[in-house]
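Colleague: attaching a predicted model along with its sequence, questions to come.
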Amino acid sequence: MAPKKVKEKKIAVILFNLGGPTGPKTIKPFLYNFFMDPNIIRLPKPFRWCLAKLISIRRSKGEAGEAYGEMGGGSPLLENTIAQQYAVEEELKKLVGKNTQIRTYTCMRYWHPMAPSIAPQVQAFNPDQIMLVSLYPQFSTTTFWSSIAQWFTVAQKIGLNKPTTTFCCYPQLDGFIKASADNIKIKYQECKKATGRAPRILFSAHSLPEKIITDGDPYAWKVSLL
């Protein structure tokens, strides 16, 4: 009797990140998408639309345009995240059996590629299981919560109904802390060698409106854990 064929299992891993403009012309629409998020500005849609339009126009011509201009006109986040996506896929392939197919995707929140374009790709892959993975170490309603809310809205709209697991977040995870420390040490030594002086290290984090914090968002608390 021929051995029974084992059905191949498919797993889709979605890596979520903020996103960023890929060039000068995309700074304004990126900012508009950002400030139109009700998790960022908690105003009724008409007022939020007016404010998002105003901020995106002013900042794209002002401080945001200047800041991204120093980086070549856009953000390196997409390029770096895609590199991380492929690295994660290769590592996961080492962990699963030969009958499991892993496919990873990058899904940004405020600029392409976003959920409306990634979810159909996942649907075409037809996975048995979907894993939603946060690239934000700390949880916030303004980051990962916003991303998965958009994901589930799009998934429901196109009928992507698969068993889904969510992975978040890891500010105290030993592996994350060690990897961060190791990378900082490398850059510290490079800077010290290049300048002949011990550099100062500044740790910073994005701020949130106080109202979001008092409403229970744990981001500030989770950042302080570091």
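Modeller: Perfect, thanks for sending it. Computed from a prediction, not measured in an experiment: that's the story for all the values here.

Colleague: pLDDT wise, what is Leu51 at?
Modeller: Note for Leu51: predicted pLDDT of 97.

Colleague: test my guess that it contacts Ile41.
Modeller: Yes: the criterion here is CB atoms under 8 Å, and Leu51 meets it with Ile41 at 6.1 Å. Yep, even glycine has a C-beta here, placed from its N, CA and C like the rest.

Colleague: quick one: contacts of the helix or strand hosting Asn80?
Modeller: Applying DSSP states H and E as the criterion places Asn80 in helix 77-95. Helix 77-95 has contacts (CB atoms under 8 Å, 6 or more residues apart in numbering) with 11, 13, 15, 17-20, 22, 102-106, 108, 111, 133, 135.

Colleague: need the overlap of contacts for Leu51 and Ile41.
Modeller: Shared contacts of Leu51 and Ile41, counting by CB under 8 Å, 6+ apart, come down to Phe35.

Colleague: these two: which is more packed in?
Modeller: For the pair Leu51 and Ile41, the greater number of neighbours falls to Ile41 (17 against 14), based on other CB atoms under 10 Å.

Colleague: what's near enough to touch the more buried one?
Modeller: Per CB under 8 Å, 6+ apart, neighbours of Ile41: Phe35, Arg48, Leu51, Ala52.

Colleague: restricted to helices, list those.
Modeller: Counted as lying in helices by DSSP state H, out of the contacts of Ile41, are Phe35, Arg48, Leu51, Ala52.

Colleague: quick check: chain neighbours aside, which residue is closest to the last one?
Modeller: Read that as Ala52. Phe35 (3.8 Å; CB to CB, 6 or more residues apart in numbering).

Colleague: show me where the chain has helices.
Modeller: Using DSSP H, the helices found in the chain span residues 27-36, 45-61, 63-69, 77-95, 115-125, 144-158, 174-195, 210-214, 219-224.
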